[in-house]
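J.: Quick one, fold the following:
(one chain, ligands or ions: 1)
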Amino acid sequence: MTEVDTTRQPGRIPAEHDGGAITLDGVGAGEPWAQPFDAWFHEGAPNPLHDHSAERQPAPCAMIIFGVSGDLTARKLMPSLYDLFTGQPLPDGFTIVGVSHRDWTEEMFRERMREAVAENARMPVNPESWEPFARRLQYVRGEFDDPATYRTLTERLGAPDLAVPTQGNRLFYLATGPAYFSPILQGLAAAGALERQANYLEPTQGWHRVVIEKPFGHDLASARALIAEMAILLTERQIYRIDHYLGKETVQNVLAFRFANILFDPVWNRQYVDNVQITAAESIGVEGRAGYYEHAGALRDMVESHLLQLLTVVAMEPPAFFNGNAVRDEKVKVLRSVAPPVGEQQVAAHVVRGQYTAGFVGGQAVPGYLEERGVAPDSTTETYVALRLGIDNWRWSGVPFYLRTGKRLPRRVTEIAVEFKRVPHLMFQTMVGLDLPPNVISLRIQPDERIAIRFAAQGPGARTQLRTVRMDFLYGAAFGEAGPDAYERLLLDAMLGDPTLFTRRDEVEAAWATVQPILDVWSAPESPPLFPYEAGSWGPGAADAMIERDGRAWRRP
Ligand code: BG6
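T.: Model (predicted):
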């Protein structure tokens, strides 16, 4: 393995972290499926899982949700499972076992889940559709650090009276805080409920998989420690690290837009692109999640995960196949080419962090971050980040990627905008329309999912008058139906054993390596300032100044 020059950009993953243990496909050596070409190609053949004409019905399985009394289960997991179940793709042998410390009976558990589903599912809840689903729900009460919990669970999973036969297939979902990841995995392994399955293609007694929620680590070192710990208990092929942005249909549509059309790729590079702006604006505040958010902040919560995932889909090279290894190999390559700002000066110049103060969002008065419940009165947690990254590779060298995200911005909008260079010579210079804005392709991820192309046109009238116009493609209008929630897609993929839309361990490491130099500077005593911004504004003025120094401006989506 060749040495990587880590002195210039300490954010990069040094060669030793490729571990020598990482093979061609970026996973641990010694796992059968990681063996050089055969196994890679096994996944390299055109993938029926992504052929929508093919049946996408998973094998029977038990899904065991840890943290089933939590917010994620109520808002996302249970409603998505209900929608999947009601929409028919789930097999007869499918059952859900919820685990939590709450002193609930099975009846109480089912009732709570019914309320959550009624509030958050796409499909209506009525007795005919709810009852068959409710019969699949079981509850195990227990503390996550108590071995008895796992004994009870194992008995339940092996019990002949388990609602339906699951063929020994188990999908464990860790919907808990990160502090519980390790105790749960250790507890399951000790009770024999979770097996390390080297031969994932032919497990002897059904497959065992683990879906793990973010945050996957708190920084590069802790992410690596978690990767190492999980690798002892599980093969990489059994682990499904979820980033729900990848389950969003519009994010997958970026891949379709780029790689199922010949039109755009020829201009998708440094010769034609001036800059790329990725915005994930939220109008909500911290929403009662201060306990988590105070230790995370916007850089960890949004940039390390969702925004870098958006960056990879917009910047990656075309994979040869749409499957787990081919797609993730390309994503990892992009992440490893990202040049983050390093050191105090670069971080101060290219990264801006902010925190919202009281203001108005959507006409409502809202408190500042420091007034939110559970937030320390002197908290320095950032609720806004804007940064500039470079990608040092053949396609993108010299093109800045501007990323920004924040809470309590004027509206919820997630967008990737590719701004093109100006034409090399404007023959209309002596006529009206001198300052012609450049072409832009904007990919609106949410809401009002759309793709828009901005270009110049001749306006009506006898004289030459250039105008900027927009050509819009709206998903809702074109396809006439709303797509499934991201979790529906991802839960089904995990049951089917398709890891394409989950983050592989080398990808997680590369993402943390990108933000680590910023975390380092921010944690130093003389760190750059935290700028206040009023709730309902587009963030601190310092973020505008940052991009203006490059002669550019943020888009107002
Ligand atoms: C989560 C973050 O991962 O994503 C939240 O923890 C954030 O802070 C959320 O609000 C945004 O997701 P979405 O799908 O609403 O854009």
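
J.: Can you give me the neighbour number for Arg328?
T.: The local packing of Arg328 (other C-beta atoms under 10 Å) involves 25 other residues. Backbone N, C-alpha and C define where each C-beta goes, glycine included.

J.: How about Pro91?
T.: Pro91, neighbours per other C-beta under 10 Å, totals 16.

J.: Likewise for the one 10 residues further on?
T.: As a burial measure, His101 scores 14 neighbours (other C-beta under 10 Å).

J.: Tell me how far the residue located most distally from the centre of the chain lies from the ligand.
T.: What lies farthest from the middle of the chain is Ala462; by C-alpha atoms, centre = their mean that is 50.9 Å. In this structure, Ala462 and the ligand are separated by 48 Å, where distance is defined by C-beta to the nearest ligand atom, to the nearest Å.

J.: and if you look at Val338?
T.: From Val338 to the ligand the distance is 20 Å (C-beta to the nearest ligand atom).

J.: same question, Gly177
T.: Remark: distance between Gly177 and the ligand (C-beta to the nearest ligand atom) = 12 Å.

J.: and the closest residue to that residue other than its chain neighbours, what element?
T.: If the residues on either side of it in the chain are set aside, Gly177 comes closest to Tyr292, at 7.0 Å by C-beta to C-beta, 6 or more residues apart in numbering. Assigned by DSSP states H and E, Tyr292 falls within helix 290-298.

J.: Tell me the helices and strands packed up against that helix.
T.: Contact partners of helix 290-298 among helices and strands, from 3 or more C-beta pairs under 8 Å, 6 or more residues apart in numbering; DSSP states H and E: none.

J.: And that helix, what's buried?
T.: Within helix 290-298, the residues that count as buried by 16 or more other C-beta atoms under 10 Å are 290, 293-294, 296-298.

J.: now stretch 402-413
T.: Of the residues in stretch 402-413, 402-410, 413 count as buried by neighbour count, 16+ other C-beta under 10 Å.

J.: Max pairwise distance over those residues: which two?
T.: Distance extremes for the buried residues of stretch 402-413: the farthest pair is Tyr402 and Arg408 at 20.1 Å, using C-beta to C-beta.

J.: Identify the residues contacting the residue in the stretch 201-350 of the chain that the ligand sits nearest to.
T.: For the stretch 201-350 of the chain, the nearest residue to the ligand under the criterion C-beta to the nearest ligand atom is Asp301, separated by 4.8 Å. Each residue near Asp301 by C-beta atoms under 8 Å, 6 or more residues apart in numbering is listed here: 215, 293.

J.: again, only using 6 Å
T.: If a contact means C-beta atoms under 6 Å, 6 or more residues apart in numbering, then Asp301 has no contacts.

J.: part of a helix, is it?
T.: Yes - the assignment for Asp301 by DSSP: H, G, I helix; E, B strand; the rest coil puts it in a helix.

J.: Tell me the confidence at it?
T.: Model confidence at Asp301, expressed as pLDDT, equals 96.

J.: List the contacts of the most centrally placed residue in the chain.
T.: For the chain, the residue whose C-alpha lies nearest the mean C-alpha position (C-alpha atoms, centre = their mean) is Asp243; its distance is 3.0 Å. With contact taken as C-beta under 6 Å, 6+ apart, Asp243 is in contact with 305, 309, 503.

J.: In terms of helices and strands, where is the second one?
T.: Right, the one you point to is Gln309. Following DSSP H and E, the helix or strand that holds Gln309 is helix 308-315.

J.: pLDDT averaged over that helix, what's the number?
T.: Helix 308-315 comes out at a mean pLDDT of 98.

J.: 236 is where my numbering starts, stick with that
T.: Right, with 236 as the first residue, what we last looked at is helix 543-550.

J.: Could you pull out the buried residues of that helix?
T.: Using 16+ other C-beta under 10 Å as the test for burial, helix 543-550 gives 543-550.

J.: by how many degrees do whatever helix or strand comes next after it and helix 543-550 diverge?
T.: Where DSSP H and E defines the elements, the next helix or strand beyond helix 543-550 is helix 559-572. Between helix 559-572 and helix 543-550, the angle comes out at 100 degrees (axes from the mean of the first three to the mean of the last three C-alpha atoms, to 10 degrees).

J.: Need the residues that contact helix 559-572.
T.: Counting by C-beta under 6 Å, 6+ apart, helix 559-572 makes contact with 260-261, 275, 278, 547, 550-552, 554-555, 626-628, 734-735, 739, 741-742, 745-746, all of which sit outside it.

J.: One more: stretch 576-589?
T.: Applying C-beta under 6 Å, 6+ apart, the set of residues contacting stretch 576-589 is 244-246, 617, 619-623, 752-753, 756, 763, 765-766, 768, 774-775, 777-778, 781.

J.: Which ones among the residues you listed lie within strands?
T.: Assigned to strands by DSSP state E, the following of the contacts of stretch 576-589 qualify: 619-623, 765-766, 768.

J.: Just among those residues, which is most surrounded?
T.: That'd be Tyr619 among the ones in strands among the contacts of stretch 576-589, by other C-beta under 10 Å, with 31 neighbours.
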